[in-house]
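In: From the sequence below, what's the structure:
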Amino acid sequence: MKNASNFYATSKRALSRLILLYLAALFTFTSCDEPETIEPNQPSQEANTVSGKAVDGRGNPMAGVKVRAENPAGYNVFVEGTTKADGTYKFTLPAIGSWKIYAWKEVTYKDRVYHLRLGMKQDTDYDFFTTGDNGAVKDFVWKISGRIPDRSASFENGWGYFGGSLRFVNVNSKVPVMAVGTKVTVTLTPTSNAKYLDGTPATAAGTIKKTFTINNGPGQNYYIGDIPVTEYRMSIESELNGVKKQVYVGGNDYNNLYEWLEFDFTPASGSSGSYENGISSPSDFPYYMGQKG
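Out: Numbers count the residues shown, from 1 in each chain. Have a look, this model is predicted:
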């Protein structure tokens, strides 16, 4: 009886250990088999489609953004539409050739309408692409400065940057002209309560200083660019041989020059969205300079 009792207890303990081992193995197996994670608001991918999402610089979805896919294989071959409330879009594209895609945001600022080109997350996103069986994903982000990778860079023409450009002319109408070799520093300070075109506050922390050097005589043009668009107070200083002087400036007027000016940028005209930034060319509005004697 004593031996039978021990055998029963031993068998019971062995069975308990087997059950525990089984449950541990089952838990290990199921814990490794995690459910598939689906990102919220991510567009689905399907054959011959391009999809994506447009967000602002803070990551918020942008509704009503115009998106246009163009195919250079045929004249005026394109597909376009707008983003939904969650910032997403999806097009079905003809299965021919390669495509490029663009997006524009319409903004009203000081009663003027701008059609601003949006940027993309990676430089390679601006390249031509094909859709194929899995489709393609192209996301957009609102940028107020930086290069537009698929455009030529030129401050003179206002090309290739999300920010605006300014043109300065060295004149001698009322004050002495600046000599060759003079270093010119333009300081742009956002005015009180100013906002950038994307609605974010433009504070004194966003003050910009740009420099160039006078390399020729009177009447020559000089350019600075990639300036985030808002309302600025402009002041200018010159330096030659360690001597700094006040530079007077006139907006589109060489007869009336001032110690400082307040200004903003106007939208490019005649387009609902171009491949450039949507801001007027610097050739449209020159600033004339004259150094204090």
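In: who's in contact with whichever strand or helix holds Val184?
Out: Secondary structure assignment for Val184, by DSSP states H and E: strand 183-190. Counting by C-beta atoms under 8 Å, 6 or more residues apart in numbering, strand 183-190 makes contact with 166, 168, 178, 202-204, 206-214, 222, 224, 227, 230-240, 247, 289, all of which sit outside it. Just so you know, the C-beta spots here come from the backbone N, C-alpha and C atoms, and that holds for glycine as well.
In: Now, these that are in strands?
Out: Secondary structure defined by DSSP state E assigns 166, 168, 208-213, 222, 224, 227, 232-240, 247, 289 of these to strands.
In: Quick one: buried ones out of those residues?
Out: For the ones in strands among the contacts of strand 183-190, a neighbour count by 16 or more other C-beta atoms under 10 Å gives the buried set as 166, 168, 208, 210, 222, 224, 227, 232-238, 240, 247, 289.
In: Same question for the closest residue to Asp139 other than its chain neighbours, what's its three-state structure.
Out: Setting aside the residues directly before and after it, Asp139 is nearest to Gly52 in space (C-beta to C-beta, 6 or more residues apart in numbering), at 4.4 Å. Under DSSP: H, G, I helix; E, B strand; the rest coil, Gly52 falls in the strand class.
In: Tell me who's in contact with Gln291.
Out: Residues in contact with Gln291 (C-beta under 8 Å, 6+ apart) are 175-178, 182, 238, 245-248.
In: and it, what are its bridge partners?
Out: For Gln291, the beta-bridge assignment (DSSP bridges) gives partners Val247.
In: So it versus Tyr222, what's the distance?
Out: From Gln291 over to Tyr222 the distance is 13 Å, taken as C-beta to C-beta, to the nearest Å.
In: Next: Arg58.
Out: The separation that Arg58 has from Tyr222, given C-beta to C-beta, amounts to 35 Å.
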